[in-house]
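> Here's my sequence, what's the structure:
(one chain, ligands or ions: 2)
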Amino acid sequence: MTAIPSEIQQVRNEADCLFTEAQVEQAIDNMATDISRDLAHRNPIVFSVMNGGLVLTGKLVTKLGFPLEISYLHATRYRDKTQGADLEWRTYPQQPLKGRTVLIVDDIYDEGSTLGAIVDHCREEGVEDMHIAVLVDKQHDRKARPDIIPDYIGLQCEDRYVFGYGMDYKGYWRNAPGIFAVKGL
Ligand SMILES: O=P(O)(O)OC[C@H]1O[C@H](OP(=O)(O)OP(=O)(O)O)[C@H](O)[C@@H]1O
Ligand code: HPA
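Ligands and ions are numbered 1, 2, ... in the order given. Coordinates of the predicted model:
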């Protein structure tokens, strides 16, 4: 067995809860209502942005009672660190996107380089109608692409490093039931 780094439990114990599980679940319900209103007749492909988008995607799709396809893409730039670097595409969307409606689902819109690259790729591939859903929009003035405004935002959070509901601290605590800010970050 590989030992859990002691820092990992300490970070969880010392974190500030920004949103409880009940608050996050309510936000996801609200997102699902808005998405259903807009996309019920659009035959969308729902793309989970791995890894962080996994939890929100899973929670959302069972609340969307209309025909849709589920897929994933993988773009990463934090790689278990708390500061972003160059974006690395690990998996591009595998299906033809020309003429399609897509819903991109991610955990957090932080500096925005990740979503920027995804939007650019989808446009290059001929997506007809693009929608973006994020659980958390972090509030600061460092957005790399201020032109990108997610269509569905669950919650707005302060400018701190957060984890839970898909968001990780050094690869851990994506499973935390709430949204928590790391002490001191
Ligand atoms: O708005 P940005 O500053 O670009 O950051 C947001 C992105 O960063 C995280 O992914 P990360 O690179 O940590 O990969 P992960 O999804 O595997 O955690 C998160 O899931 C978003 O995709
Ligand atoms: O605050 C964050 N937490 C987790 N992952 C992230 N990716 C970008 N910002 C964050």
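> Give me the contact list for the top helix by length along the chain.
When the chain is scanned for its longest helix (criterion: DSSP state H), the result is helix 21-39. Residues outside helix 21-39 that contact it (Cβ atoms under 8 Å, 6 or more residues apart in numbering): 19, 56, 59-60, 63-66, 68, 101, 103, 131, 133, 135, 151-155, 164-165, 177-179. To be clear about C-beta, it is placed using only N, CA and C from the backbone, and glycine gets the same treatment.
> From the chain's centroid, how far away is it?
Mean C-alpha position of helix 21-39 versus that of the full chain (Cα atoms, centre = their mean, to the nearest Å) differs by 14 Å.
> quick revisit: quick check on the contacts of helix 21-39: which are buried?
Buried residues within the contacts of helix 21-39, counting neighbours by 16 or more other Cβ atoms under 10 Å: 19, 56, 59-60, 64, 68, 101, 103, 131, 133, 135, 151-155, 164-165, 178-179.
> sorry, back to before: restricted to helices, list the contacts of helix 21-39.
Secondary structure from DSSP H places 56, 59-60 of the contacts of helix 21-39 in helices.
> Leaving out sequence neighbours, find the closest residue to the residue of the chain found nearest ligand 1.
When distances are taken as Cβ to the nearest ligand atom, the chain approaches ligand 1 most closely through residue 52, which lies 2.5 Å from it. In space, and not counting its chain neighbours, residue 52 is closest to residue 107: 3.7 Å by Cβ to Cβ, 6 or more residues apart in numbering.
> Now tell me what touches stretch 112-128 from outside.
When contacts are taken as Cβ under 8 Å, 6+ apart, the neighbours of stretch 112-128 outside the stretch itself are 47, 49, 73, 75-77, 84, 87, 89, 92-93, 96-102, 104, 106, 109, 130, 132, 134, 143-146, 148, 150.
> what ranges do the strands span in this protein?
The residue ranges that make up the strands of the chain, judged by DSSP state E, are 16-20, 45-50, 69-76, 88-91, 101-109, 129-138, 152-157, 162-163, 178-181.
> Any chance of TSV for the ones you listed, columns distance to residue 120?
Shown next, in TSV, are the strands of the chain (distance: least, Cβ to Cβ, whole Å):
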stretch	distance to residue 120
strand 16-20	30
strand 45-50	14
strand 69-76	11
strand 88-91	11
strand 101-109	12
strand 129-138	11
strand 152-157	20
strand 162-163	26
strand 178-181	28
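> So which of those strands is the most surrounded?
Among the strands of the chain, ranked by average contacts under mean count of other Cβ atoms under 10 Å, first place goes to strand 162-163 (a mean of 28).
> what's next to that one, contact-wise?
Residues outside strand 162-163 that contact it (Cβ under 8 Å, 6+ apart) are 11, 15, 18, 108, 136, 138, 169, 172-174, 176, 179-182.
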